[in-house]
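Visitor: please work out how this folds:
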Amino acid sequence: MERPVRVRFAPSPTGPLHIGGVRTALYNYLFARRHGGTMILRIEDTDSQRFVPGAEQYILESLRWCGIEIDEGVGAGGPHAPYRQSERREIYLRYATQLVEAGWAYYAFDTAEELDALRREAEARGEAFAYNYAVRERLATSLALPAEEVRTRIERGEQWVIRFKMPENEVVAMDDLIRGHVEVNTSTLDDKVLYKSADALPTYHLANIVDDHLMEVSHVIRGEEWLPSLPLHYLLYRAFGWEASQPEFAHLPLLLKPTGGGKLSKRDGDKMGFPVFPLFWQSPATGETSRGYREDGYLPEAFINMLALLGWNPGTEQELFTMQELIDAFSLDRVSKSGARFQPEKARWFNAQYLHRLTDAELAAICQPVLRAHGIEVADEVAGRAAGIMKERAQLTTELWDLTSYFFVAPEAYEEKQAKKYWKGQNPAILRELREVLASIDDFSLENTERIVRAWIEEKGYGMGQVMNTLRLALVGAGKGPGMYDVTAFIGREECLNRIDRLFATLQPAE
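Guide: Numbers count the residues shown, from 1 in each chain. The predicted structure follows:
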């Protein structure tokens, strides 16, 4: 019988969630949904020194905003609770000592100072120090010390760690769903720490293997940075006797800088003007802030679509996908082995495609909070109509206020370049005439106003651009905006006349 698909996203709450982490969560989610499986959220908070208050809540909110649904885990509960590793600490010591008793691990009593001294000695010889088969029986370990002394040291409260006893000169054969078959000789590996008495917590290696087994995880889909740990993890499954239930592994490619060289970092975003986190973040320790895609005006659907295609391709020319379409198309065999270069301009392009497809009602929901923040109270239909007129010119939702503000607020100042060009010569007199024409129109619909004004311009022999740009100065205050009849129809006759009067009262025509 085929094993049910169970995947986990297991971030550490050490700060804001990088978009590389969001992509890992997304690929796990797509894979789970594609195979009718379960998506687990586990918080790996065993590194107490790097724990950051608020980071776990940030992770949960980020996943919610992205539309990545959690079936089991932190925030959802489930049969394998608790899902925070700090709440599971009593489990790990039991498994660590089991490995010691089976001869797969040992106690080590070396202090940090002693290890530093060994590293310096190795460097003096031009070598790199490795804690492995060559030294472990010559150091203060349970492999070298009498059993009675080991027991005495532990009982009197000396600090110790449990290290994995890496086999000597053995080839570990591994299979990765993205990278294929990989072989590593154990003589190139060191004896990793699995558990530390100092804080009574396991390291990542032990905790994630134990938890993945107990939570019946079928596939581990994680970042490329964990690939060097794969031999140890394979050996841990063997040491525990869990080979039959060992998950399949898939290591995702890195997200690279826009320049292509190296992993994408916050510094790259700060330097080039784009976020590398899904949501705004403020460090509780330093107060330092980091931009977020949500606050920068990106739609979650566009953000997810963009991320999905960074390292995976559907094998077709299609670029725009709903979440369901991503689920239906996703497969790990189309995930690239090589790093994916992040392109900020492509992220904006994706957002523009989604923004342009929004209905007026959907736009109203985005715009209303912004309008209220500016003291403007209008019906949803009015807010949505204004944004609908201008959405094709926007890439980000944060641009909509600047693009539509003149629909709701008369200009208080006039763009100098536009005023110098059009508020001179005959133009003020022509605008006075146009004011009378507009005042006489009862049906102020776009089509009727355009028909009457065009006929008047032709009759007078005025230049269309000359008239429209002078009117634009009065109604908008700048050389921007949609067609002038969109503006006149939206703000109505009385507001049009008021704005024309305001221009005459405010700005002296140029000589």
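
Visitor: can you tell me the SS state at the residue nearest to Leu177 when sequence neighbours are not counted?
Guide: The shortest distance from Leu177 to any residue that is not its chain neighbour, by C-beta to C-beta, 6 or more residues apart in numbering, is 4.0 Å, and that residue is Ala250. Bear in mind the C-beta positions are built from the backbone N, C-alpha and C, glycine included. Using DSSP: H, G, I helix; E, B strand; the rest coil, the secondary structure recorded for Ala250 is strand.

Visitor: right, and Ala250 touches Gly180 too?
Guide: No: proximity of Ala250 to Gly180 does not meet the contact threshold set by C-beta atoms under 8 Å, at 11.0 Å.

Visitor: more neighbours, the two?
Guide: For Ala250 versus Gly180, neighbours defined as other C-beta atoms under 10 Å are more numerous around Ala250 (20 against 9).

Visitor: kindly state the beta-bridge partners for the residue nearest to Leu177.
Guide: Each beta-bridge partner of Ala250 is listed here, defined by DSSP bridges: Ile221.

Visitor: state the distance from it to Ser218.
Guide: For Ala250, the distance to Ser218 (C-beta to C-beta, to the nearest Å) stands at 11 Å.

Visitor: please apply the same query to Lys460.
Guide: In terms of C-beta to C-beta, Lys460 sits 78 Å off from Ser218.

Visitor: among those two, which residue is more densely surrounded?
Guide: When Lys460 is set against Ser218 and neighbours are counted by other C-beta under 10 Å, the residue ahead is Ser218, at 21 against 12.

Visitor: ok, now which ones touch that one?
Guide: Ser218 makes contact with 3-7, 37, 247-248, according to C-beta atoms under 8 Å, 6 or more residues apart in numbering.

Visitor: just the helices in the stretch 201-350 of the chain please.
Guide: For the stretch 201-350 of the chain, the helices defined by DSSP state H, counting those that start in this stretch cover 204-214, 230-240, 266-272, 300-308, 323-329, 344-356.

Visitor: where does the protein dip in pLDDT?
Guide: Along the chain, the parts satisfying pLDDT under 70 run over 1, 511.

Visitor: surely Ile327 is in contact with Arg34?
Guide: Yes: contact criterion C-beta under 8 Å: Ile327 and Arg34 qualify, at 5.4 Å.

Visitor: for the residue nearest to Glu399 when sequence neighbours are not counted, phi and psi?
Guide: In this structure, Glu399 finds its nearest non-sequential neighbour in Gly297, 6.6 Å apart by C-beta to C-beta, 6+ apart. Note on Gly297: backbone dihedrals following degrees, to the nearest 10 are phi 100, psi 20.

Visitor: look up how far Lys196 lies from Gly297.
Guide: Using C-beta to C-beta, one obtains 45 Å as the distance from Gly297 to Lys196.

Visitor: likewise Lys480?
Guide: The span separating Lys480 from Lys196 equals 62 Å under the rule C-beta to C-beta.

Visitor: all strands of the stretch 251-400 of the chain, in order?
Guide: 255-256, 281-282, 289-290, 340-341 (DSSP state E, counting those that start in this stretch).

Visitor: which of these sits most buried?
Guide: strand 255-256 (a mean of 22; mean count of other C-beta atoms under 10 Å).

Visitor: output the contacting helices and strands for that one.
Guide: Strand 255-256 is packed against helix 19-34, strand 340-341, with contacts defined by 3 or more C-beta pairs under 8 Å, 6 or more residues apart in numbering; DSSP states H and E.

Visitor: now do the shortest one: which elements does it pack against?
Guide: The reference is to strand 340-341. So strand 340-341, by 3+ C-beta pairs under 8 Å, 6+ apart, packs with strand 255-256.

Visitor: can you list contacts of the strand it packs on?
Guide: Around strand 255-256, the neighbours that count as contacts under C-beta under 8 Å, 6+ apart are 19-20, 23, 262-264, 310-311, 339-342.

Visitor: can you list the residues you listed in TSV and add distance to Leu254?
Guide: Supplementary listing: the contacts of strand 255-256 in TSV, determined by distance: C-beta to C-beta, whole Å:
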residue	distance to Leu254
Ile19	12
Gly20	7
Arg23	10
Gly262	8
Lys263	5
Leu264	8
Leu310	10
Gly311	9
Gly339	4
Ala340	7
Arg341	10
Phe342	10
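
Visitor: quick check on those residues: which are buried?
Guide: Applying a neighbour-count criterion of 16 or more other C-beta atoms under 10 Å, the buried members of the contacts of strand 255-256 are 19-20, 23, 264, 310-311, 339-342.

Visitor: so which of these comes closest to Asp110?
Guide: For the buried ones among the contacts of strand 255-256, the minimum distance to Asp110 (C-beta to C-beta) is 34.5 Å, reached by Gly20.

Visitor: need the contact list for the closest one.
Guide: Taking C-beta under 8 Å, 6+ apart, we find Gly20 in contact with 223, 254-255, 263-264.

Visitor: okay, it and Phe444: tell me how far apart.
Guide: Counting by C-beta to C-beta, the gap from Gly20 to Phe444 is 53 Å.

Visitor: ok, Glu288 next?
Guide: The spacing between Glu288 and Phe444, counted by C-beta to C-beta, is 52 Å.

Visitor: quick one: which of those two has more around it?
Guide: Neighbour totals were compared for Glu288 and Phe444, and Phe444 leads with 17 against 9 (other C-beta under 10 Å).

Visitor: ok, how many other residues are close to the closest residue in space to the more buried one that isn't next to it in sequence?
Guide: In space, not counting the residues next to it along the chain, Phe444 is nearest to Arg493; the distance is 4.6 Å by C-beta to C-beta, 6+ apart. The number of residues packed near Arg493 is 17, by other C-beta under 10 Å.

Visitor: ok, Arg493 to Thr506 distance?
Guide: Between Arg493 and Thr506 the computed distance is 20 Å (C-beta to C-beta).

Visitor: what of Pro167?
Guide: Shown here: Pro167 relative to Thr506, a distance of 85 Å by C-beta to C-beta.

Visitor: repeat that for Asn185.
Guide: Asn185 sits 81 Å away from Thr506 when distances are taken as C-beta to C-beta.

Visitor: equivalent analysis for Leu145, please.
Guide: Note on Leu145: its distance to Thr506, by C-beta to C-beta, is 90 Å.

Visitor: between the two, which has more neighbouring residues?
Guide: Comparing Leu145 with Thr506 by other C-beta under 10 Å, the one with more neighbours is Leu145, at 17 against 13.

Visitor: and the gap between that one and Met166?
Guide: 19 Å.

Visitor: now tell me what touches the host helix or strand of Arg432 from outside.
Guide: Arg432 belongs to helix 427-439 when assigned by DSSP states H and E. Residues from elsewhere that reach helix 427-439 (C-beta under 8 Å, 6+ apart): 449, 452-453, 456, 460, 462, 466-467, 470-471, 474, 488, 493, 496-497, 500-501, 503-504, 509.
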